[in-house]
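Student: Please find the sequence and the predicted model below.
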Amino acid sequence: GSTTHIINDNKVVLEKGELLFLSECLESHGSEAVSHWAGSEDETHDFYFGPHAIEVKTTSAQAPYFASISSEYQLDDSDIPGKLFMRFYALRKSHSSGERLQERIAAIRSKLCTDISALFKFNEKLKKYGYFDEAADYYTVGYHQRDLYCFAVEDGFPRLSSQAIPLGISDITYRVSI
């Protein structure tokens, strides 16, 4: 996660994926799903459910798809007692149609309207990402979902781990072919 403003299109796409996944979690876990969303809390992974972690990745590029990995820890499961998963959304940007960021946020808020505590937590997490309702008119790009993938990040999955990085190497970013 990051606390940078989501006004630029790349960050909006990343945020959109987390919001899409949160919407899915609300369907299966109810309003408590908001407490599992850790992306805005400077955690390594975007969601934690018990011993398991989920990293959400999103692209608006055309196929072939790549997931951008921002550190050697993001796909490292050595400190996770359960399993690590990666949820990958491929979206198409549109300036004339598609769901805009504020529409997804409104849909989530409507699902949380009966749980004031969860709604408050959700709004606080949005603020940590730099989303403010007063700036909603700036989010003009719409998105259509093209593809959706879910991977178990385990032996054989293409990734770097912190143990495999030689001492003295830092600030690692890389891309994984989907």
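Tutor: Sure, I can see it.

Student: Would you tell me which helix is longest in this protein?
Tutor: helix 9-29 (DSSP state H).

Student: Just give me how far the very next helix or strand once past that one sits from the chain centre.
Tutor: Counting by DSSP states H and E, the element after helix 9-29 in chain order, helix or strand, is helix 33-36. Distance, stretch centre to chain centre, for helix 33-36: 13 Å (CA atoms, centre = their mean, to the nearest Å).

Student: Nearest residue to Gln145 in space, please, no chain neighbours.
Tutor: Once flanking residues are discounted, Gln145 sits nearest to Leu91: 5.9 Å by CB to CB, 6 or more residues apart in numbering. Yep, even glycine has a C-beta here, placed from its N, CA and C like the rest.

Student: what sits up against the helix or strand hosting that neighbour?
Tutor: Element membership for Leu91 (DSSP H and E) is strand 84-94. When contacts are defined by CB atoms under 8 Å, 6 or more residues apart in numbering, strand 84-94 is touched by residues 9, 13, 16-17, 20-21, 45, 52-60, 63, 65, 67, 75-77, 98, 141-154, 178.

Student: Can you select the buried ones among the residues you listed for me in PyMOL?
Tutor: Provided next is the PyMOL selection string for whichever of those are buried by 16 or more other CB atoms under 10 Å:
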select buried, resi 13+16+17+20+21+45+52+53+54+55+56+57+58+59+60+65+67+75+76+77+141+142+143+151+153+178
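
Student: what's the burial count for Pro158?
Tutor: 14 (other CB atoms under 10 Å).

Student: ditto for Ala61
Tutor: Ala61 has 12 nearby residues by other CB under 10 Å.

Student: Could you look up the SS state of it?
Tutor: Secondary structure assignment for Ala61 (DSSP: H, G, I helix; E, B strand; the rest coil): coil.
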